[in-house]
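Visitor: Attaching a predicted model along with its sequence, questions to come.
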Number of protein chains: 2
Amino acid sequence: MSFDRTPLMRRLGGAVPEEELELFDSLGRIGKKYAIGHDLGEECRADESIMILQHGWTMTYKILRGGDRQVIDVNLPGDVLGMRQILFNYDDYRIEPITEVFAQKLPADIILRSLGKSPEIAAQVMWAMMSDSAFSPERLVSMGRREAPKRVAHFLLELGARLDRVHLSNKNGYLCPLSQTDLGDILGMSAVHVNRVLRDLRERDLLTFRIGKVKFHDREELNRYAEFEPSYMERRLH
Amino acid sequence: MSFDRTPLMRRLGGAVPEEELELFDSLGRIGKKYAIGHDLGEECRADESIMILQHGWTMTYKILRGGDRQVIDVNLPGDVLGMRQILFNYDDYRIEPITEVFAQKLPADIILRSLGKSPEIAAQVMWAMMSDSAFSPERLVSMGRREAPKRVAHFLLELGARLDRVHLSNKNGYLCPLSQTDLGDILGMSAVHVNRVLRDLRERDLLTFRIGKVKFHDREELNRYAEFEPSYMERRLH
């Protein structure tokens, strides 16, 4: 089956029985390209659908009255988008591709019905849904209580670990379409502050953030420095 | 049926058909008291259970290496606790009562099986699960891009709106067991800063935060000031 090589299947790993994977297989064959700037959140709301991101990155963000932007989530291949838009009234949150993306739209109803297949499938789907926002708790910790260089390092390590799960990174780094302004809007910092922090991290030989690329100089050391413990991203077995 | 007067049922409102409510009714009759300081997260992990909080408040938090604390969630009567602890390895997050609490423990498996009853039940349960962390997105916005007085006001209004849903507030305020130190650890501020901001909000005749009590002087005006739009907390119908 070719479907088990999609990013979502790489994330779900071997935990779902083979025959039940076919349910997902049958759901999501037909995908579509979406351009930078298209609001995928509106797309989900309008059709009561969620989306599985197959290729490319998106950002979920809100613009405040004064014009400031706060990014809520950065989503990567294999992530499920839009569940929050369907369940809650987050009408002022946009989900926007930051590269061209390829995504499959699925009626939310099908996902909700799939929860009834078995408790194991239900746990998997719940896990997949919640892990799109599972990155917020540690981001709250970062924004509340981590000094700026550790905050930036922790976030870039977290992205690396998420990309590891879908085989889009190696231990030395990954391709990354985020700008320094994006990083600031994710982590609650000004672009100038981000720039200073990135220079500091590079000069301390910890990491390099260049256009299109994140390079870890010594990932072990960086994990220790940023107190990054990737275990919170793993699914517990039961 | 007396069960529909529990906080969870008040939250679920009339959206679940009467006969299906009986599923939940049958699950959660037996509850237990837990004292301040008890780790409910460990309780959930050990038994692969979730908890429905019936009475009292809890905080989910993490202590960093340097001793700083960041609060992830404040949970109120009617909230579902522990799903994140069961699905992910958040072993360094504690869920602690900040008042004496009364909670019902349910095997997670029963909840996962309940998802199969109908898509409508599944949507309700997903909503209830996700709304325990649905407060993080706006908290990220606050911590990233709202100035301190608006951040504090927004959070206290959000608590008010959550308490409204379970009939534990009125339009002028609510009883609140949080300290100024707690507020700081929730919003990423020092206790001294929180104190200054609360004085400022009181002097501007917007709100009073006293031991045990939050009082809104003019809730409409406060909503405008903090850009608080409670619609994001409501469940969308489908």
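Guide: That came through, no problem. The structure displayed is predicted, hence computed values, not measured ones.

Visitor: Quickly note the distance from residue A:57 to chain B.
Guide: With distances taken as CB to the nearest CB, to the nearest Å, residue A:57 is found 18 Å from chain B. All C-beta spots, glycine's among them, are computed from the backbone N, C-alpha and C.

Visitor: Verify the stated contact: that residue with residue A:177.
Guide: Yes. Checked against CB atoms under 8 Å, the pair residue A:57 and residue A:177 is within contact range at 5.6 Å.

Visitor: okay, and the common contacts of those two?
Guide: Here residue A:57 and residue A:177 have A:98-99 as joint contacts, going by CB atoms under 8 Å, 6 or more residues apart in numbering or on different chains.

Visitor: With only the CA atoms kept, save the lengthiest helix in chain A in CSV.
Guide: When chain A is parsed with DSSP state H, its longest helix is helix A:148-165. Provided in CSV are the C-alpha atoms of helix A:148-165 (Å, rounded to 0.1, in the frame of the first residue of the first chain):
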residue,chain,number,x,y,z
ALA,A,148,14.8,34.6,24.7
PRO,A,149,17.8,32.5,23.4
LYS,A,150,16.4,29.3,25.1
ARG,A,151,12.9,30.1,23.8
VAL,A,152,14.2,30.3,20.2
ALA,A,153,16.4,27.3,20.6
HIS,A,154,13.6,25.2,22.2
PHE,A,155,11.2,26.1,19.4
LEU,A,156,13.7,25.2,16.6
LEU,A,157,14.5,21.9,18.3
GLU,A,158,10.8,21.2,18.6
LEU,A,159,10.3,21.8,14.9
GLY,A,160,13.3,19.5,14.2
ALA,A,161,11.7,16.7,16.3
ARG,A,162,8.4,17.1,14.6
LEU,A,163,10.1,16.9,11.2
ASP,A,164,12.0,13.9,12.4
ARG,A,165,8.7,12.0,12.7
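
Visitor: In that helix, which residues are buried?
Guide: Neighbour counts over helix A:148-165 (16 or more other CB atoms under 10 Å in any protein chain shown) mark A:148-163, A:165 as buried.

Visitor: does that helix come close to chain B?
Guide: No. Figure legend: helix A:148-165 not in contact with chain B (CB under 8 Å from any CB of the partner chain); closest approach 9.6 Å.

Visitor: the domain parsing of chain A - what is it?
Guide: Domains of chain A are assigned by automatic domain parsing as A:3-131, A:135-233.

Visitor: Now the weakest link among those domains, please, by mean pLDDT.
Guide: The weakest mean pLDDT among the domains of chain A belongs to domain A:3-131, with a mean of 81.

Visitor: from the chain's centre, how far out does that domain sit?
Guide: Distance of domain A:3-131 from its chain centroid, counting by CA atoms, centre = their mean, to the nearest Å, is 10 Å.

Visitor: Okay, and the beta partners of the spatially most central residue of chain A?
Guide: By CA atoms, centre = their mean, chain A has its centre lying nearest to residue A:75, at 3.0 Å. For residue A:75, the beta-bridge partners under DSSP bridges are residue A:58.

Visitor: Could you do residue A:63 as well?
Guide: Assessed by DSSP bridges, residue A:63 has beta-bridge partners residue A:69.

Visitor: Around it, count how many other residues there are.
Guide: 14 (other CB atoms under 10 Å in any protein chain shown).

Visitor: Surely it is in contact with residue A:71?
Guide: No. Judged on CB under 8 Å, residue A:63 makes no contact with residue A:71 at a distance of 10.7 Å.

Visitor: From residue A:53, how far off is the residue nearest to the centre of chain A?
Guide: 6 Å (CB to CB, to the nearest Å).

Visitor: Which neighbours do those two have in common?
Guide: Common contacts of residue A:75 and residue A:53, defined by CB under 8 Å, 6+ apart, comprise residue A:81.

Visitor: ok, now which ones touch residue A:215?
Guide: Taking CB under 8 Å, 6+ apart as the test, what residue A:215 contacts is A:172-173, A:207-209.

Visitor: Mark which of the residues you listed are buried, thanks.
Guide: By neighbour count, with 16+ other CB under 10 Å, the contacts of residue A:215 hold A:173, A:207, A:209 as buried.

Visitor: in what helix or strand does residue A:54 lie?
Guide: Using DSSP states H and E, residue A:54 falls within strand A:49-55.

Visitor: What residues of that strand count as buried?
Guide: For strand A:49-55, the buried set under the neighbour-count rule, 16+ other CB under 10 Å, comprises A:49-55.

Visitor: how about TSV for those, with distance to chain B added?
Guide: Conversion of those to TSV gives the following (distance: CB to the nearest CB, whole Å):
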residue	distance to chain B
A:49	11
A:50	11
A:51	16
A:52	17
A:53	18
A:54	23
A:55	25
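
Visitor: Only the C-alpha atoms, please, for stretch A:55-73, written as PDB.
Guide: Output of stretch A:55-73 as PDB, limited to C-alpha atoms (Å, rounded to 0.1, in the frame of the first residue of the first chain):
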ATOM      1  CA  HIS A  55       3.300  18.700   1.500                       C
ATOM      2  CA  GLY A  56       4.400  22.200   2.500                       C
ATOM      3  CA  TRP A  57       4.000  24.300   5.700                       C
ATOM      4  CA  THR A  58       1.200  26.500   7.100                       C
ATOM      5  CA  MET A  59       0.800  29.000   9.900                       C
ATOM      6  CA  THR A  60      -2.300  29.600  12.000                       C
ATOM      7  CA  TYR A  61      -2.300  33.200  13.200                       C
ATOM      8  CA  LYS A  62      -4.400  36.000  14.500                       C
ATOM      9  CA  ILE A  63      -4.100  39.800  13.700                       C
ATOM     10  CA  LEU A  64      -4.800  42.000  16.700                       C
ATOM     11  CA  ARG A  65      -6.600  45.300  16.600                       C
ATOM     12  CA  GLY A  66      -3.400  47.300  16.600                       C
ATOM     13  CA  GLY A  67      -2.000  45.200  13.700                       C
ATOM     14  CA  ASP A  68       0.300  42.900  15.600                       C
ATOM     15  CA  ARG A  69       0.300  39.300  14.600                       C
ATOM     16  CA  GLN A  70       0.500  36.300  16.900                       C
ATOM     17  CA  VAL A  71       1.200  32.900  15.300                       C
ATOM     18  CA  ILE A  72      -0.700  30.100  17.100                       C
ATOM     19  CA  ASP A  73       0.600  27.000  15.300                       C
END
